[in-house]
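Undergrad: coordinates only, sequence not included:
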């Protein structure tokens with residue numbers, strides 16, 4: 001929604017332009033006539049920025065403040081997917097290619113294509129619609145990058161205090177630009193709003209301008225902390241940092257150590273993002289580590305979460321199907337994952353963690369393969385499967401990506417693929 005309550009039309013961007021070649025090709029009178037027609041056709045609206053009153057200082061301070069005392073953990077953690085799941089848009093954070101020829105996304109609509117541009121350290125998406133002999137364009141800036149890049153990235157832009165998803169994303173499997181999830185191919189839209197619940201899974205903190213409305217996409221533009229960072233698991237750090245700057249030798253105060261929480265409260269930390277979007281009960285970013293997450297979000301039942309197959313936000317539901325989890329009184333996500341270190345793709349490392357509970361000789365393939373299997377338990381028991389929920393609508397049809405399933409069990413097809421791979 002725009003600041004005056006209207007829905008952004010397809011030509012409501014910051015820059016509405018006509019190409020130079022068209023200005024030379026048609027007269028002013030034709031331009032005016034067509035502009036009037038497009039104005040009527042598109043439901044054009046223009047909103048001004050609503051800066052609002054200054055927000056209160058948030059209790060969150062960001063991961064850089066943690067570096068003062070925890071430099072080693074900071075240096076390793078800042079490379080993790082959690083920390084990188086939202087960042088400011090820069091030449092280093094955007095993975096898509098802006099070079100000529102590679103910066104275009106064509107659609108099945110012959111009148112519409114998108115162009116990605118870089119100018120003076122800023123990055124833009126431009127929709128170009130060739131209609132009535134005129135190239136009409138709408139340009140929006142890439143302000144925030146979401147996604148670590150493992151599967152892809154999507155980009156957000158500010159319209160006043162409203163935060164919206166841009167129509168073009170980067171998809172790692174395709175190695176280039178694709179329509180963003182939620183946008184149909186061939187449509188000209190810039191109106192997919194970002195709700196607080198979306199941001200709770202991609203950022204540490206955003207201060208809402210409408211804190212009692214969990215559907216509002218209006219935020220203070222100077223009060224946010226990007227990335228899923230230290231404070232999402234340890235709690236807001238402002239008091240902790242202030243206290244220990246004055247008392248550097250004191251035991252930790254005003255902070256949560258997740259290791260001291262019981263199993264359910266530890267799992268709640270991960271359930272914030274990996275157990276369905278659910279329905280918020282309390283204002284966004286109100287949950288604090290150590291509390292019951294169920295008091296803040298109505299999560300979907302586990303059986304409903306599992307119906308969708310594999311997806312990043314139902315990984316806990318998948319894990320709970322596993323005998324490993326059901327037969328353990330202590331297993332949590334951190335049994336397998338060290339959240340302070342980038343470990344993606346290190347199959348021998350994860351396999352060693354499996355073997356803390358499972359002897360290699362108990363594997364049905366040990367007699368045939370011996371200790372070779374100790375380096376890769378993962379591809380047989382947690383294979384990568386199609387994420388059918390995240391769909392990219394392209395001019396060539398629907399595309400999906402693959403993510404690793406968290407239901408630990410025996411997958412016959414994955415085992416056959418593993419055997420075929422090692423025989424090659």
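TA: Happy to help now that I have it. On a predicted model such as this, the values are computed, not experimentally measured, just so you know.

Undergrad: use CA for all of it now, contacts and neighbours both
TA: Fine.

Undergrad: low-scoring stretches of the stretch 151-300 of the chain, by residue?
TA: Low-confidence segments of the stretch 151-300 of the chain (pLDDT under 70): none present.

Undergrad: what are the ranges of the strands in it?
TA: 152-159, 162-165, 168-171, 176-179, 192-193, 203-208, 219-226, 279-280, 297-298 (DSSP state E, counting those that start in this stretch).

Undergrad: strand partners of the last one, parallel vs antiparallel please.
TA: The reference is to strand 297-298. Neighbouring strands of strand 297-298 in its sheet, by DSSP bridges, are strand 279-280 (antiparallel).

Undergrad: also the third one?
TA: Taking DSSP bridges as the criterion, strand 168-171 forms sheet pairs with strand 152-159 (antiparallel), strand 176-179 (antiparallel).

Undergrad: tell me which of these lies nearest to residue 220.
TA: Set against residue 220 and scored by Cα to Cα, the strands paired with strand 168-171 come closest in strand 152-159, at 10.6 Å.

Undergrad: which residues are contacting the closest one?
TA: 2, 47, 49, 94-95, 140-147, 163-166, 168-173, 180 (Cα atoms under 8 Å, 6 or more residues apart in numbering).

Undergrad: may I see the buried residues of it?
TA: Neighbour counts using 16 or more other Cα atoms under 10 Å place 152, 153, 154, 155, 156, 157, 158, 159 of strand 152-159 among the buried residues.

Undergrad: same question, stretch 242-257
TA: The neighbour-count check on stretch 242-257 (16+ other Cα under 10 Å) flags 244, 255, 256 as buried.

Undergrad: skipping adjacent residues, who's closest to residue 66 in space?
TA: Once flanking residues are discounted, residue 66 sits nearest to residue 74: 7.0 Å by Cα to Cα, 6 or more residues apart in numbering.

Undergrad: and the one you found, that's in a strand?
TA: No - under DSSP: H, G, I helix; E, B strand; the rest coil, residue 74 sits outside any strand and is assigned helix.

Undergrad: returning to that earlier point: turn the buried residues of stretch 242-257 into JSON lines, columns for distance to residue 127.
TA: Listed next are the buried residues of stretch 242-257 as JSON lines, based on distance: Cα to Cα, whole Å:
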{"residue": "244", "distance to residue 127": "50"}
{"residue": "255", "distance to residue 127": "46"}
{"residue": "256", "distance to residue 127": "46"}
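
Undergrad: narrow the residues you listed to those in helices?
TA: The helices, defined by DSSP state H, take in residue 244 from these.

Undergrad: just the closest of the buried residues of stretch 242-257 to residue 219, please.
TA: residue 255 (26.2 Å).

Undergrad: contacting residues for that closest one?
TA: By Cα under 8 Å, 6+ apart, the neighbours of residue 255 are 234, 235, 236, 237, 240.

Undergrad: which one of the strands of the stretch 151-300 of the chain lies nearest to residue 109?
TA: strand 176-179 (12.8 Å).
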